[in-house]
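Visitor: whatever this is, show me its structure:
(one chain, ligands or ions: 1)
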Amino acid sequence: METSSIGPAASTFTHDCESCRLLATVHDGGRVFDLYSCPEEGGVVARFGHEGWEYSALPLHLARTADGPIRVAAALVDGGL
Ligand SMILES: [Zn+2]
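Guide: The predicted structure follows:
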């Protein structure tokens with residue numbers, strides 16, 4: 001997976017949760033994902049589109065063993081980002 005940016009970059013997609021903190025934007029298999037840490041949900045979020053439903057969210061402990069971008073989000077949180 002290619003991580004194109006890490007840190008407070010601009011998000012690619014509209015995201016309506018005010019608690020979320022943008023971690024990074026990554027490219028995976030030709031798709032783009034905005035990765036967030038969400039204290040409100042106690043986990044991480046990978047958004048892949050502008051529509052309200054176009055995201056995955058998992059608690060941190062589950063995201064650590066998931067596949068794909070959401071696992072990258074967990075790794076970034078664990079790395080202190
Ligand atoms: Zn959120």
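
Visitor: ok, Trp53 - contacts?
Guide: Listed by C-beta atoms under 8 Å, 6 or more residues apart in numbering, Trp53 has no contact partners. The C-beta positions use only the backbone N, C-alpha and C, and glycine is treated the same way.

Visitor: measure it to the ion for me?
Guide: 14 Å (C-beta to the ion, to the nearest Å).

Visitor: tell me the pLDDT of that residue.
Guide: For Trp53, the pLDDT comes out at 94.

Visitor: mind telling me what element it is part of?
Guide: For Trp53, there is no host helix or strand (DSSP states H and E).

Visitor: check Asp16 too.
Guide: Counting by DSSP H and E, Asp16 is found in no helix or strand.

Visitor: quick one: contacts for it?
Guide: Shown in contact with Asp16 (C-beta under 8 Å, 6+ apart): Gly52.

Visitor: for it, give its distance to the ion.
Guide: The value you get for Asp16 to the ion, if C-beta to the ion is used, is 9 Å.

Visitor: so the most centrally placed residue in the chain bridges to which residues?
Guide: Residue closest to the mean C-alpha point of the chain, counted by C-alpha atoms, centre = their mean, is Leu35 at 1.7 Å. Assessed by DSSP bridges, Leu35 has beta-bridge partners Ala24, Ala46.

Visitor: just checking, it touches Ala74?
Guide: No. Leu35 is not in contact with Ala74 according to C-beta atoms under 8 Å; the separation is 9.2 Å.

Visitor: fine by me, we can end here.
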